[in-house]
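[1] Provided below for reference: sequence and predicted model.
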Amino acid sequence: MNARAFAVLAVEAARDALRRRFALVLAILLAISLGWVHTCTGLGGDVSFNERPVDPALLAGFLAPILFSLQALAVLAVAGVLASDHLARPLAEGSAALWLARPVSRGAWAGARLAGALAVALGAGALLLGGTAALLATRHGVALGPAAVAALATALGAGVVAALAAATSLAVGRTAVLLAIAIAVPLQFFANAAGLMLALVQPDASLPGLLAALDRYGPPLGTAVFAATAAWNPHVDVSGALAPAFGRLLLWAGGAVALLLLAFRRTEIGR
Amino acid sequence: MFAFELAAAAKHYGDHRAALAGVDLVVPEGAALGLLGPNGAGKTTALRLLLGFARPTHGAARLRGRDPYDPASRIGVGYLPERLALPGAMTLRRFLRVHAALAGLSGGAAERALEAASETTGVRDRLGERLASLSKGLAQRAGFASALLGDPAVLVLDEPTSGLDPLGVRDARDWIQAARARGATLLVSSHVLSEVERTCDQIVILHEGRVAAGGALDALVQPGESLEDAFVRAVRG
């Protein structure tokens, strides 16, 4: 019964997410982002630096990971924004009581709301990352394999961000959740990028304080994306970081969802 | 097996205010219990504990012999909340379809239940409309249609006539009495004493989180007095 209830509620949650005003904003942002990628990847002809021609493969290897990672960061933010009130809103409005009076477990309902928000975020992500990868592949000849791996890492990261945002929304207001997303997600992404770069250029050095802690213990939102897309650069090899980053992302995803379900089980309905 | 049980159930909120202060309540299957009390007496809190929306601070709540947090306890339960918040963007048909699916109905059985509930409650010609476009009275009828889907064995109604015009109030009474006639267990929380008097045979009066009076309607109301008199006597002493 719970699997069927979950499926029914997840479809409704996804429809609900699509009906939000943010869905329209998201569509506009998608179009702008893809337009931006279209412009950036349109860079052609001979590029020179200090009057020396730059190898097009090197240029693509530098440009493509940055472009793709920025789009991945946008997908993470979208997942967080969508989840920031997708669970809390029906609770505040009171419609949650109607669904939860049915033979539906708390876990099925909270999981379905999360799945609905994620479905829309990942749908937008598939368009954004798919479009970016297609433009990079056709214009700069990069392989699609690393893009697929990075997209998978982005999807896992989106799950982490969405579950944490939804869990946080049970305790604090939406503005606070949005603020947390706006600060924490880019900071974590930057810490992962900095950690990976430092390991590449100066393996014995370590990041300062907070950045080191975020990179070492936080969800590796950026690590797997950077490690996968770095394969486009023939001069960089950070493939060793990929498997551990995926392992940590899986742990974080499991932990974030468990935290959400636990928090929701303790939440009182309709007070 | 009892349909509803509260055993020394207490519910305190963060400010240590006791919404319920040790309530004992048993409702046998097939009974029709009216839960009465002044504002803030703990009626809605009692329903929330019984439906698994909150945990008692002390004591226990059981729904159909199970922990109300167990989804299986809510199989065959229809619920109409006091503050009905319908998902406004959904059409009434989709809303009822989803509720039918969650109630365990599928295919033709779900459609038949949907048609029957919407016909009974007079909203069949509104099935294609968005819930946000319904008037207060029609929204209450839509809520009733959801609660009555599939002829539930247990009906929990919190202020069921809220927002209904006199015709709607009469219709609601008919729906409740029809449910009772087919053997459903009723738990009705209401301020409208006359409606409770017409639809319930057992009464519990809550006051300041405690049971101030309770029992069979005939026993509670003394000769020559109305339920209102019995209510005032129980609350004011």
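    Yep, it's here. Residues are numbered from 1 along each chain as shown, chains lettered A, B, ... in the order given.

[2] Need phi/psi at residue B:198.
    Per-residue torsions, residue B:198: phi -80, psi -20 (degrees, to the nearest 10).

[3] Same question for the one 5 residues further on.
    With angles defined as degrees, to the nearest 10, residue B:203 sits at phi -130, psi 140.

[4] Relative to residue A:136, how far out is it?
    For residue B:203, the distance to residue A:136 equals 73 Å [CB to CB, to the nearest Å]. Every residue, glycine included, has its C-beta placed from N, CA and C.

[5] Tell me, how many residues neighbour residue A:239?
    Neighbourhood size, residue A:239 [other CB atoms under 10 Å in any protein chain shown]: 12.

[6] go on, residue A:22?
    Look at residue A:22: counted by other CB under 10 Å, it has 17 neighbours.

[7] Residue A:204 now?
    As a measure of burial, residue A:204 has 6 neighbours, counting by other CB under 10 Å.

[8] What's the separation between it and chain B?
    Per CB to the nearest CB, to the nearest Å, residue A:204 is found 52 Å from chain B.

[9] Can you tell me which residues in chain A are near chain B?
    Within chain A, the positions adjacent to chain B are A:1-2, A:4-5, A:8-9, A:12, A:16, A:19, A:90, A:93-95, A:97-106, A:108, A:265, A:268-271 by CB under 8 Å from any CB of the partner chain.

[10] Check the residues you listed for burial and list the buried ones.
    A:5, A:8-9, A:12, A:16, A:90, A:94-95, A:97-106, A:108, A:269-270 (16 or more other CB atoms under 10 Å in any protein chain shown).

[11] Keep only those of those residues that are in strands.
    Among these, no member falls in strands (DSSP state E).

[12] Just the ones of those in helices?
    Here DSSP state H is the test, and those give A:5, A:8-9, A:12, A:16, A:90, A:95, A:97-100, A:106, A:108 as lying in helices.

[13] Check what pLDDT the residue in the stretch 151-271 of chain A that chain B sits nearest to gets.
    In the stretch 151-271 of chain A, the residue that lies nearest chain B is residue A:269 (3.8 Å; CB to the nearest CB). Predicted confidence (pLDDT) at residue A:269: the value is 92.

[14] So what does it look like in phi/psi?
    Main-chain torsions, residue A:269, degrees, to the nearest 10: phi -100, psi 130.

[15] who's in contact with stretch A:250-265?
    A:87, A:106-107, A:109-111, A:114, A:156, A:159-160, A:163-164, A:166-167, A:170-171, A:219-220, B:69 (CB atoms under 8 Å, 6 or more residues apart in numbering or on different chains).

[16] again, 10 Å this time
    With CB atoms under 10 Å, 6 or more residues apart in numbering or on different chains as the test, stretch A:250-265 has contacts from A:83, A:87, A:91, A:105-111, A:113-114, A:155-171, A:217-221, B:55, B:69.

[17] so for it, what's the average pLDDT?
    Mean pLDDT, stretch A:250-265: 97.

[18] quick one: it to chain centroid distance?
    How far stretch A:250-265 lies from its chain's middle: 16 Å, per CA atoms, centre = their mean, to the nearest Å.

[19] Give the buried residues for that stretch.
    Neighbour-count burial for stretch A:250-265, with 16+ other CB under 10 Å as criterion, is recorded at A:252, A:253, A:256, A:257, A:260, A:261, A:263, A:264.

[20] how about the one residue in chain B that gets nearest to chain A, what does it touch?
    Shortest chain B-to-chain A distance, computed as CB to the nearest CB: residue-wise this is residue B:85, at 3.3 Å. Shown in contact with residue B:85 (CB under 10 Å, 6+ apart): A:90, A:92, A:93, A:94, A:95, A:96, A:97, A:98, A:270, B:131, B:139, B:143.

[21] Just say helix, strand or coil for the nearest residue to the fifth one once chain neighbours are set aside.
    Read it as residue A:95. Counting by CB to CB, 6 or more residues apart in numbering or on different chains, residue A:95 lies nearest to residue B:85, which is 4.6 Å off, once chain neighbours are set aside. Here residue B:85 is coil, with the state taken from DSSP: H, G, I helix; E, B strand; the rest coil.

[22] mind checking how far residue B:85 is from residue A:89?
    For residue B:85, the distance to residue A:89 - CB to CB - is 11 Å.

[23] which residues do the two both contact?
    A:95, A:96.

[24] what are the phi and psi values for the residue in chain A positioned nearest to chain B?
    In chain A, the residue that lies nearest chain B is residue A:94 (3.3 Å; CB to the nearest CB). With angles defined as degrees, to the nearest 10, residue A:94 shows backbone torsions of phi 110, psi -10.

[25] Could I get the contacting residues of it?
    Taking CB under 10 Å, 6+ apart, one finds A:269, A:270, B:81, B:82, B:83, B:84, B:85, B:86 in contact with residue A:94.

[26] how about the ones in helices among the buried ones among the residues of chain A next to chain B in a markdown table, adding pLDDT?
    Listed next are those as a markdown table, based on pLDDT from 0 to 100:
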| residue | pLDDT |
| --- | --- |
| A:5 | 88 |
| A:8 | 94 |
| A:9 | 95 |
| A:12 | 95 |
| A:16 | 93 |
| A:90 | 94 |
| A:95 | 91 |
| A:97 | 94 |
| A:98 | 94 |
| A:99 | 95 |
| A:100 | 95 |
| A:106 | 94 |
| A:108 | 94 |
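
[27] List the beta-bridge partners for the residue nearest in space to the middle of chain B.
    Closest residue to the average C-alpha location of chain B: residue B:157 at 1.7 Å, with CA atoms, centre = their mean. Beta-bridge partners for residue B:157, by DSSP bridges, are residue B:80, residue B:188.

[28] Spatially central residue in chain A, please.
    Residue closest to the average C-alpha location in chain A (CA atoms, centre = their mean): residue A:76, at 2.6 Å.

[29] measure that one to residue A:143 for me?
    Residue A:76 is 23 Å from residue A:143, where distance means CB to CB.

[30] In the longest helix that chain B contains, which residues have enough neighbours to count as buried?
    With secondary structure taken from DSSP H, chain B has its longest helix at helix B:166-181. Judged by neighbour count (16+ other CB under 10 Å), helix B:166-181 contains these buried residues: B:168, B:169, B:171, B:172, B:173, B:175, B:176, B:179, B:180.

[31] Check what pLDDT the fourth one gets.
    Read it as residue B:172. With respect to pLDDT, residue B:172 scores 95.

[32] my guess is it meets residue B:140, correct?
    Yes: counting by CB atoms under 10 Å, residue B:172 touches residue B:140, with 8.1 Å between them.

[33] which residues are common contacts for these two?
    Taking CB under 10 Å, 6+ apart as the contact rule, the neighbours common to residue B:172 and residue B:140 are B:80, B:121, B:160, B:161, B:162, B:164.

[34] All set, thanks.
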